[in-house]
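K.L.:
fold the following, please.
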Amino acid sequence: MDMLHGPMFKKILIFALPLAAGSMLQQLFNAVDVAVVGRFASSEALAAVGANTSVVNLLINLFVGISVGSNVVIANLIGRREYDRVEDAVHTSILVAIISGLCLMVLGLIVARPILTLMSTPENVIDMAVLYLRIYCLGMPFIMLYNFSAAILRSIGETRKPLYCLVTGGVINACLNLFFVIVCHMAVSGVATATVISNIVSSMMALYFLCHCEEKMVRPELKKLAIHRRELLQILKIGIPAGIQGVVFSIANVCIQSSVNSFGSDAVAGSAVANNFELISYFMVNGFNAAVMTFVSQNLGAGNLKRCLRAYGLGIVSALVFAGAMNFIIFLARSPIVSIFTTDPAVAEYAMTRMRWVLIFHCLISSYEVTGAAMRGLGKSLVPTVLAIFGTCLFRVLYVNTIVVHFHVFTVLLLVYLFSWILTGTLTILAFLIVWRRVKKKYAASQATAD
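P.N.:
Reported below is the predicted structural model:
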């Protein structure tokens, strides 16, 4: 995809929608985990799977953020036509993926029970939750390999092949879920095993596509795998703040999950059902995140500042419209949708309450997610991270430990999302305006020096 010339809106949609569709389909297939255990196992098994969502995100988000750094750095180098360094960045990224995946696997196996205990996971589900998390962690190396391979493919504008990987893995996951739970009666261990197998398939497909890519500069070769210091430092400069933001965001969600746990296993199970659709909404926004970040990064490398700003504007409006419309449609159909996952009236009520107070407003995350992606494309990754730490972590932790403690009501807890989105979005947009002004001045000064 030529990101440097021609009309942008259609190209942004072509970039963002396949990426969003792939992630959303994957999440729908993952929702089969929840639906299968909810319908064919028990509400406790459903709660055990749901209790792990924030923990899994906490474990992997740092390195997923570093894969964002790979995307930005490689796209920027392509925009500057520094193709030798693109090869170095690709091989560094793949080796980082392998090492980080192995480290996460070991860490997850060790901390599974302590972290779930710390989160006050209900006693009637904690053993199943620990089992699920330990099996899930066996697939960490493949999760990391997929994320970095997909990031490299996105840096050259390729989003369809990652979609094929996710769809294939998702179909396998859904089929194996049904087999392991209904036929083999494996319950929680069955859905975890199915997830690991599907992640292996997705990562191997992504690596295959990368190795056979038409763009030779992004093809990894085993003998060339090495850590190149210059490229690694650039990747970490962008990726670590993005990863820290994800980790901090997950810490806040772990805190919220602990509070959800205090309402009992029905609330945990109901939140797990609703959270599937919040993740689908997030992936819609994330598709435009990746598009804006890549377009901005390539055009910054080529010195096309007007196209950088236009990419941001088109991206944030598109994310708000597409995610908002999708959430509204899901909300209208909430009763029949929830009935697919559970027949327990108490669990269903918690799920629909969360949809009413969280899902319907979820598109507001575009305000800081897409804006933060634009700043990372400009090479300013620390600013959105600091603001996210304040708005989505410190604020949420403070809210949960003050307001929710005094008003122990489920809807009061859920309002923390809306308040934090408004606060973080406002601060991030204001910060972008300041950063953009500085980038323009710096570019104008460099042009004057060149003349």
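
K.L.:
what residues are up against F288?
P.N.:
12, 16, 20, 315-316, 318-319, 322, 366, 370, 373 (CB atoms under 8 Å, 6 or more residues apart in numbering). For the C-beta atoms, the positions are set from N, CA and C on the backbone; glycine is no exception.

K.L.:
now it: how far from L279?
P.N.:
Look at F288 and L279: by CB to CB, to the nearest Å, they are 16 Å apart.

K.L.:
cool, V183 as well?
P.N.:
Using CB to CB, we find V183 at a distance of 27 Å from L279.

K.L.:
neighbour-wise, which of the two wins?
P.N.:
A count of neighbours by other CB atoms under 10 Å puts L279 above the other of V183 and L279, at 21 against 9.

K.L.:
can you list the low-confidence ranges for the stretch 1-150 of the chain?
P.N.:
Applying pLDDT under 70 to the stretch 1-150 of the chain flags residues 1, 26-31, 33-34, 41, 54.

K.L.:
where along it do the strands fall?
P.N.:
Using DSSP state E, counting those that start in this stretch, no strands are assigned anywhere in the stretch 1-150 of the chain.

K.L.:
for S70, see how far away the closest residue to A89 other than its chain neighbours is.
P.N.:
Excluding the flanking residues, the one nearest A89 by CB to CB, 6 or more residues apart in numbering is E231, at 4.2 Å. Applying CB to CB, the value for E231 to S70 is 9 Å.

K.L.:
the two: who's more crowded?
P.N.:
Between E231 and S70, counting by other CB under 10 Å, S70 is the more crowded of the two (30 against 23).

K.L.:
list the residues that contact the more buried one.
P.N.:
S70 makes contacts with 89, 93, 96, 148, 151-152, 155, 235, 239, as judged by CB under 8 Å, 6+ apart.

K.L.:
which residues are in contact with stretch 271-280?
P.N.:
Under CB under 8 Å, 6+ apart, the answer for stretch 271-280 is 24, 27-28, 30-31, 34, 38, 46-47, 49-51, 53, 257, 260, 326-327, 330, 337-338, 341-342, 347-348, 350-352, 354-355, 358-359, 362.

K.L.:
chain center to that stretch, what's the gap?
P.N.:
13 Å (CA atoms, centre = their mean, to the nearest Å).

K.L.:
hmm, back to that, N76 is in contact with the residue nearest to A89, correct?
P.N.:
No - using CB atoms under 8 Å as the test, E231 is too far from N76 to be in contact (11.2 Å).

K.L.:
and the furthest pair within the contacts of S70?
P.N.:
Greatest spatial distance among the contacts of S70 (CB to CB): V96 and S155, at 14.9 Å.

K.L.:
the more surrounded of the two?
P.N.:
More crowded of V96 and S155, by other CB under 10 Å: S155, with 28 against 22.

K.L.:
nearest spatial neighbour of the more buried one, chain-adjacent residues omitted?
P.N.:
I74 (3.9 Å).

K.L.:
from S198, how far off is that neighbour?
P.N.:
27 Å.

K.L.:
and those two? Which one has more around it.
P.N.:
Of the pair I74 and S198, I74 is the one with more neighbours under other CB under 10 Å, namely 31 against 26.

K.L.:
got a list of what the more buried one touches?
P.N.:
Applying CB under 8 Å, 6+ apart, we find I74 in contact with 86, 89-90, 93, 151-152, 155-156, 218.

K.L.:
from those, which single one is nearest V400?
P.N.:
When the contacts of I74 are compared against V400 (criterion: CB to CB), the nearest one is A151, at 32.6 Å.

K.L.:
contacts only, for the closest one.
P.N.:
67-68, 70-71, 74, 93.

K.L.:
find me the pLDDT at it, would you?
P.N.:
pLDDT for A151: 85.

K.L.:
let's verify it: helix, strand, or coil?
P.N.:
helix (DSSP: H, G, I helix; E, B strand; the rest coil).

K.L.:
can you report how many residues lie near V111?
P.N.:
When counting by other CB under 10 Å, one arrives at 16 neighbours for V111.

K.L.:
among the contacts of I74, which lie within helices?
P.N.:
Counting by DSSP state H, the contacts of I74 place 86, 89-90, 93, 151-152, 155 in helices.
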